[in-house]
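In: what follows is a predicted protein model with its sequence.
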Amino acid sequence: MKLYRLTRDEAPRHTGNLNAGHKWNLPGVDWSQPCPTCRLGGGLGALYYPCVDPADLPEREKFHEPEPVPYEEFIRLRELVRPLVPDWAVLKPGAAFGPVEGSGLGYFGQLFMQNPWTLYARREALERLQAAGVRGLQGCPIKVRFRQKNHPELLELQLELHGQFHPECLSPDRKPICPTCGSNQNPLPKKFWPEASSLPKDLDIFRFRDAPGFILASERMVDAVKRLELDGVVFQEVEVR
Ligand SMILES: [Zn+2]
């Protein structure tokens, strides 16, 4: 199977910029009261669940731009959220819920990436991709005030997390994953590739579970984007073994 990484099209006409972020998060873990096993916090970036409505969060004020909390309290809050998120979700400190909030300005393509780990689509682009049979696209509302007339209706995509590093790209002297909190103290391998058997067969776009900042797409997604002439992102083939 062929697999591609999505990144933003850096062509000059793509001037779109969102000065916006998620306001609802799992808190970080306070360094003075950390995980009892590894003594570390252990967050992971790019864990976004924009389709989870913050109004549904129990004790919701504790998730609004939270300060770090002791490890035990983090676990309690994490389990309050668990019933609200899909079963493929990973819940670590900093995992974010609900819409991004802020302002936006500029030209946004049919697809838009503010950075390599967030993907947005205009509503009409999302509907055309879904009609073309592309699987794995779930659009969630955003709360962005555009500082221009004629702005697009952008949706943030909630992407499932799948896939593991191929064992050969992991250093033999890497530290083990903490059995208590799941924290991984190893840096990202310099070069890595997903293990083919760990990849989903029923999705055409997803986040790489072992490195969630990477958004990956199947050849079917790439073909649909090209056929529909959707702009805003570029695709780079990644090695799979
Ligand atoms: Zn730990």
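Out: Looks like it arrived, so ask away.
In: from here on, contacts and neighbour counts on C-alpha atoms
Out: OK.
In: what pairs with Phe208 across the strands?
Out: His162 (DSSP bridges).
In: contacting residues around it?
Out: Residues near Phe208 by CA atoms under 8 Å, 6 or more residues apart in numbering: 161-164, 214-216.
In: mind listing the helices for the chain?
Out: Taking DSSP state H as the test, the helices found in the chain are 71-81, 123-131, 219-227.
In: what does the last one contact?
Out: When contacts are defined by CA under 8 Å, 6+ apart, helix 219-227 is touched by residues 1-4, 129, 132, 134, 204-205, 231, 235.
In: quick check on the residues you listed: which are buried?
Out: Among the contacts of helix 219-227, those buried by neighbour count (16 or more other CA atoms under 10 Å) are 3-4, 129, 134, 204-205, 231, 235.
In: wait, which of those is closest to the ion?
Out: Of all the buried ones among the contacts of helix 219-227, the ion sits closest to Ile205, with 30.5 Å by CA to the ion.
In: out of the contacts of Phe208, which two sit at the greatest distance?
Out: Between any two of the contacts of Phe208, the greatest separation by CA to CA is 13.2 Å, found for Gln164 and Ile215.
In: gap between the spatially most central residue of the chain and Lys226?
Out: The chain has Ala46 as the residue nearest its centroid, 4.3 Å off, counting by CA atoms, centre = their mean. Counting by CA to CA, to the nearest Å, the gap from Ala46 to Lys226 is 26 Å.
In: same question, Arg8
Out: For Arg8, the distance to Lys226 (CA to CA) stands at 15 Å.
In: quick one: which of these two has more around it?
Out: Using other CA atoms under 10 Å as the criterion, Arg8 and Lys226 rank with Arg8 on top: 21 against 11.
In: going along the chain, name the strands of the chain.
Out: Taking DSSP state E, the strands of the chain run over residues 3-8, 17-25, 48-49, 96-105, 111-115, 118-122, 139-140, 143-146, 154-157, 161-162, 205-208, 215-218, 233-238.
In: which one of those strands is the most hemmed in?
Out: strand 48-49 (a mean of 26; mean count of other CA atoms under 10 Å).
In: what mean pLDDT does that strand get?
Out: On average, the pLDDT along strand 48-49 is 98.
In: which parts of the chain sit against the ion?
Out: Contact residues (CA under 5 Å from the ion) of the chain with the ion: 35, 37-38, 178, 180-181.
In: repeat that with 6 Å
Out: Residues of the chain lying close to the ion by CA under 6 Å from the ion are 35, 37-38, 40, 178, 180-183.
In: could you list the low-pLDDT ranges of this protein?
Out: For the chain, residues meeting the criterion pLDDT under 70 lie at 41-43.
In: and the residue nearest to the centre of the chain, what is it in contact with?
Out: Ala46 is in contact with 95, 117-118, 212-213, counting by CA under 8 Å, 6+ apart.
In: ok, so of those, who is nearest Phe63?
Out: Among these, Ala95 lies closest to Phe63 (CA to CA), at 10.2 Å.
In: name the nearest residue to the closest one, sequence neighbours excluded.
Out: Excluding its sequence neighbours, the residue lying closest to Ala95 (CA to CA, 6 or more residues apart in numbering) is Leu47, at 4.8 Å.
In: over to Asp210?
Out: Asp210 sits nearest to Gln164 (CA to CA, 6+ apart), 5.3 Å away.
In: so who does the one you found touch?
Out: By CA under 8 Å, 6+ apart, the residues touching Gln164 are 194-195, 198-199, 208-210.
In: so what's Arg207 up against?
Out: Counting by CA under 8 Å, 6+ apart, the residues that Arg207 touches are 159-162, 213-216.
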